[in-house]
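Colleague: Here you go, sequence then predicted model.
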Amino acid sequence: MNPADLSGTRRLAVADYDLDATLGGGQAFGWSRVGEGWEGVVAGRWVRIEARDGAWTIRTARAETDWEWIDRYLGWDEDLAAVIATFPDDAPMRDAVAACRGLRLLRQDPWECLAGFICSTTKQVVQIQEMVALLARRHGDPVATPEGVAPRNAFPRPERIVEAGEAALRGCKLGFRAPYIWATAREVAEGRLDLDALAKRPEDEARAALMELPGVGRKVADCVLLFGLGFPNAFPVDVWIARALGRLYFPRARKLTQRRLVRFSTTHFGPHGGYAQQYLFHHARMNLGRAWAVDSAKKT
DNA sequence: AGACAGGAGCAGT
DNA sequence: ACTGCTCCTGTC
């Protein structure tokens, strides 16, 4: 290797992992498709991942001796077959698994995950990505990038969000979410909420603590529990899931309350309900489409 | 061009 | 417990 090239490169064989669905499917908002790969910032490091014929190339700006940070984030060594085996054996799940096999759950930084999903309310993925990118560009700390790659910042830590102030956050197109993010960042920055500690608490307690935060309701809290804190049974019910569940499991129901869907989802889908949810969600969005979902919602 | 988007919080019933 | 309204901002 050229001694002037200080970047780290790692190659490994990964099976049963759909990188596009996982990084671009709406569970994380900081990734961009660049050429044949994905580029983002994980644990304060710029990283590029290319998947080709089951072989991955992971590239970093600096040489790395320890890859635990990215292994943990991607969770590629998780036994997907074992997870899928816990799903209920019904037609909707079989269809979703057949269509999306290889879709995975990421293990994100809890703060970045929380901030991202506060931004997500009443927004579509591309718009959330834009807000998150603006926040990073204007308020995040720079990370090292390889020669020839444009400078890039990490997602701002809570302290930087607090410093930025609400007006600057509105400038990042956060709209009415600006005061939510700001106040939540302050709770974390000033030590009143220890996000990492939530992972060790019972799910109900962790959820309740999250829902104390401004801008965090049940759905956002469940996203953070599932995508950031590692609670495998957390099951975010957004409009897509609500429509999909209604159509697939309650085709004759007159109306479905959020509460009823939450109760159904947390009991019916087993110990890895969150994983099952991601499959149903992605399948409904990618393979069935909006017309399918909306039509079903109206056809009460 | 008015509704709507991968919600939350609030008041009112 | 449920309904209805508002909160920014783009997009179709």
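Modeller: Here it is on my side, so go on. Residues are numbered from 1 along each chain as shown, chains lettered A, B, ... in the order given.

Colleague: Mind giving me the packing neighbours of the host helix or strand of A:V41?
Modeller: Per DSSP states H and E, A:V41 falls inside strand A:37-42. Here strand A:37-42 touches helix A:19-24, strand A:32-34, strand A:45-52, helix A:68-74, strand A:152-153, going by 3 or more Cβ pairs under 8 Å, 6 or more residues apart in numbering; DSSP states H and E. In short, each C-beta sits where N, CA and C put it, glycine included.

Colleague: Contacts only, for A:V262.
Modeller: Shown in contact with A:V262 (Cβ atoms under 8 Å, 6 or more residues apart in numbering): A:R218, A:F235, A:V237.

Colleague: what does A:P236 give?
Modeller: By Cβ under 8 Å, 6+ apart, A:P236 lies in contact with A:K219, A:V220, A:D222, A:C223, A:L226, A:G274, A:Q277.

Colleague: Among those residues, which one lies nearest to A:A96?
Modeller: For the contacts of A:P236, the residue nearest A:A96 by Cβ to Cβ is A:Q277; the value is 9.8 Å.

Colleague: Report how many residues lie close to the closest one.
Modeller: As a burial measure, A:Q277 scores 26 neighbours (other Cβ atoms under 10 Å).

Colleague: The one 10 residues further on now?
Modeller: Counted by other Cβ under 10 Å, the residues lying close to A:N287 total 13.

Colleague: before we move on, what about the one 5 residues further on?
Modeller: Applying other Cβ under 10 Å, we find 15 other residues in the vicinity of A:W292.

Colleague: secondary structure element for it?
Modeller: Assigned by DSSP H and E, A:W292 falls within helix A:289-298.

Colleague: Burial check on the residue in the stretch 151-300 of chain A that DNA strand B sits nearest to, number of neighbours?
Modeller: With Cβ to the nearest atom of the strand, the shortest gap between the stretch 151-300 of chain A and DNA strand B falls at A:G217, namely 2.8 Å. Neighbour count of A:G217, defined by other Cβ under 10 Å: 13.

Colleague: Need the per-residue pLDDT for it.
Modeller: pLDDT recorded at A:G217 is 92.

Colleague: Kindly report the same for A:A297.
Modeller: Looking at A:A297, its pLDDT is 49.

Colleague: what's the closest non-adjacent residue to the residue of the stretch 151-300 of chain A closest to DNA strand B?
Modeller: A:M211 (6.5 Å; Cβ to Cβ, 6 or more residues apart in numbering).

Colleague: dump the residue contacts of the one you found.
Modeller: By Cβ under 8 Å, 6+ apart, the contact set of A:M211 is A:G217, A:R218, A:A221.

Colleague: ok so, going back, most neighbours among the contacts of A:V262, which one?
Modeller: When neighbours are taken as other Cβ under 10 Å, the top entry among the contacts of A:V262 is A:F235 (27 neighbours).

Colleague: measure whatever residue of chain A ends up closest to DNA strand C to A:H282 for me?
Modeller: Per Cβ to the nearest atom of the strand, A:G175 is where chain A lies closest to DNA strand C, at 2.8 Å. Per Cβ to Cβ, to the nearest Å, A:G175 is found 27 Å from A:H282.

Colleague: Please apply the same query to A:R254.
Modeller: To A:H282, A:R254 is 28 Å away according to Cβ to Cβ.

Colleague: Identify each buried residue in stretch A:37-55, please.
Modeller: By neighbour count on 16 or more other Cβ atoms under 10 Å, the buried set for stretch A:37-55 is A:37-42, A:45-51.

Colleague: Pick out whichever of those sits closest to A:P158.
Modeller: The nearest member of the buried residues of stretch A:37-55 to A:P158, counting by Cβ to Cβ, is A:V41 at 16.2 Å.

Colleague: Could you give the number of residues near the residue nearest to the closest one when sequence neighbours are not counted?
Modeller: Nearest non-adjacent residue to A:V41, counting by Cβ to Cβ, 6+ apart: A:A154, 4.9 Å away. A:A154 is flanked by 21 other residues according to other Cβ under 10 Å.

Colleague: Sheet-wise, list the partners of the strand holding A:V41 with their directions.
Modeller: With DSSP bridges as the test, strand A:37-42 is paired with strand A:32-34 (antiparallel), strand A:45-52 (antiparallel).

Colleague: Now tabulate the ones you listed in a markdown table and tack on distance to A:A197 and mean pLDDT.
Modeller: Converted to a markdown table, the strands paired with strand A:37-42 look like this (distance: least, Cβ to Cβ, whole Å; pLDDT from 0 to 100):
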| stretch | distance to A:A197 | mean pLDDT |
| --- | --- | --- |
| strand A:32-34 | 32 | 92 |
| strand A:45-52 | 24 | 96 |
